[in-house]
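**Student:** The amino acid sequence is not available; the structure is as follows:
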């Protein structure tokens with residue numbers, strides 16, 4: 001049984017390889033060649049839609065060659081090609097491509113793509129999250145109203161990707177932060193659409209620890225450690241105004 005399964009897998013892999021990759025020494029029928037070109041174009045278009053910042057950085061010709069190489073190692077696992085490309089950022093990093101900013105941009109863009117799917121896909125229902133009491137601060141009860149999806153990147157990558165996805169202005173622009181200082185991005189669903197929040201290092205650390213189950217005091221402590229010049233009142237107010245925290 002195992003031998004039959006292995007043989008079937010090998011045959012399927014060989015058939016898909018023949019379908020996706022042209023070989024001048026093994027001509028195929030016009031129908032198969034047409035189907036191959038159509039599928040390759042659809043995969044390229046899907047990746048270009050998901051990764052517009054990488055297309056801009058690399059140029060369309062280079063991006064096309066990169067995706068052809070990626071396709072040899074990562075075939076679609078779902079009929080919906082909008083779910084194709086999860087490993088593109090890791091592929092760019094592991095392939096030793098001289099432009100490492102491609103990989104960083106791709107990783108951020110896949111995060112944004114997944115956020116859009118989770119908010120807008122009709123088959124992914126939104127789950128209600130009850131507020132969590134975090135503790136008391138100056139005689140006020142503090143609740144975690146919503147758990148945002150969080151992503152950590154650097155300022156250069158953020159500013160490279162932001163124009164292609166309508167992200168808010170990076171908070172680092174308003175403060176004296178080195179270009180390669182890491183910054184954060186948060187996402188919450190608003191009217192079935194993703195709403196993004198630019199986070200300073202302190203704000204990101206604070207929310208990351210809160211969502212991980214740490215106490216309010218510990219989260220604030222590490223938030224100030226990540227950004228010593230920050231004011232914890234500013235961190236709390238920014239999270240409250242974004243609808244993440246409730247202070248009674």
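**Tutor:** Okay, I see it. This structure is a prediction, so every number in the text was calculated from the model and none was measured.

**Student:** CA atoms for contacts and neighbours, from now on please.
**Tutor:** OK.

**Student:** low pLDDT regions in the protein?
**Tutor:** Residue ranges of the chain with pLDDT under 70: 1-6, 8-9, 11-32, 34-35, 96-99, 121-129, 171-180, 191.

**Student:** now the helices: where do they sit in it?
**Tutor:** 2-20, 30-50, 52-58, 60-73, 88-94, 100-120, 155-165, 201-211, 216-226, 232-241 (DSSP state H).

**Student:** Would you point to the one among these that's packed deepest?
**Tutor:** Of all these, helix 201-211 has the most neighbours on average by mean count of other C-alpha atoms under 10 Å, namely a mean of 24.

**Student:** That one packs against which elements?
**Tutor:** Applying 3 or more C-alpha pairs under 8 Å, 6 or more residues apart in numbering; DSSP states H and E, one finds that helix 201-211 contacts strand 149-154, strand 182-190, helix 216-226, helix 232-241.

**Student:** go again using 7 Å as the cut-off
**Tutor:** Here helix 201-211 touches strand 182-190, helix 216-226, going by 3 or more C-alpha pairs under 7 Å, 6 or more residues apart in numbering; DSSP states H and E.

**Student:** How about residues contacting the shortest one?
**Tutor:** It refers to strand 182-190. 119, 148-155, 194-201, 204 (C-alpha atoms under 7 Å, 6 or more residues apart in numbering).

**Student:** care to break this protein down by domain?
**Tutor:** 2-120, 132-247 (automatic domain parsing).

**Student:** residues touching the nearest residue to residue 192 once chain neighbours are set aside, list them.
**Tutor:** Nearest residue to residue 192, sequence neighbours excluded (C-alpha to C-alpha, 6 or more residues apart in numbering): residue 119, at 5.1 Å. Applying C-alpha under 7 Å, 6+ apart, we find residue 119 in contact with 189, 192-194.

**Student:** So which of these belong to strands?
**Tutor:** Among the contacts of residue 119, the residues falling in strands (DSSP state E) are 189, 193-194.

**Student:** Look up how far residue 219 lies from the closest residue to residue 63 other than its chain neighbours.
**Tutor:** Closest residue to residue 63 apart from its sequence neighbours, by C-alpha to C-alpha, 6+ apart: residue 55 at 5.8 Å. Distance, residue 55 to residue 219, using C-alpha to C-alpha, to the nearest Å: 38 Å.

**Student:** now the residue most central in space within the chain: how far from residue 49?
**Tutor:** In the chain, the residue lying closest to the centroid (C-alpha atoms, centre = their mean) is residue 111, at 1.1 Å. As judged by C-alpha to C-alpha, residue 111 and residue 49 stand 14 Å apart.

**Student:** Then residue 107?
**Tutor:** Here residue 107 is placed at a distance of 14 Å from residue 49 (C-alpha to C-alpha).

**Student:** How about residue 245?
**Tutor:** Distance from residue 245 to residue 49, by C-alpha to C-alpha: 34 Å.

**Student:** again with residue 156
**Tutor:** Using C-alpha to C-alpha, we find residue 156 at a distance of 21 Å from residue 49.

**Student:** likewise residue 237?
**Tutor:** Distance from residue 237 to residue 49, by C-alpha to C-alpha: 36 Å.

**Student:** do residue 112 as well
**Tutor:** Distance from residue 112 to residue 49, by C-alpha to C-alpha: 12 Å.

**Student:** repeat for residue 183
**Tutor:** 25 Å.

**Student:** next one: residue 166
**Tutor:** 14 Å.

**Student:** Also residue 75?
**Tutor:** 17 Å.
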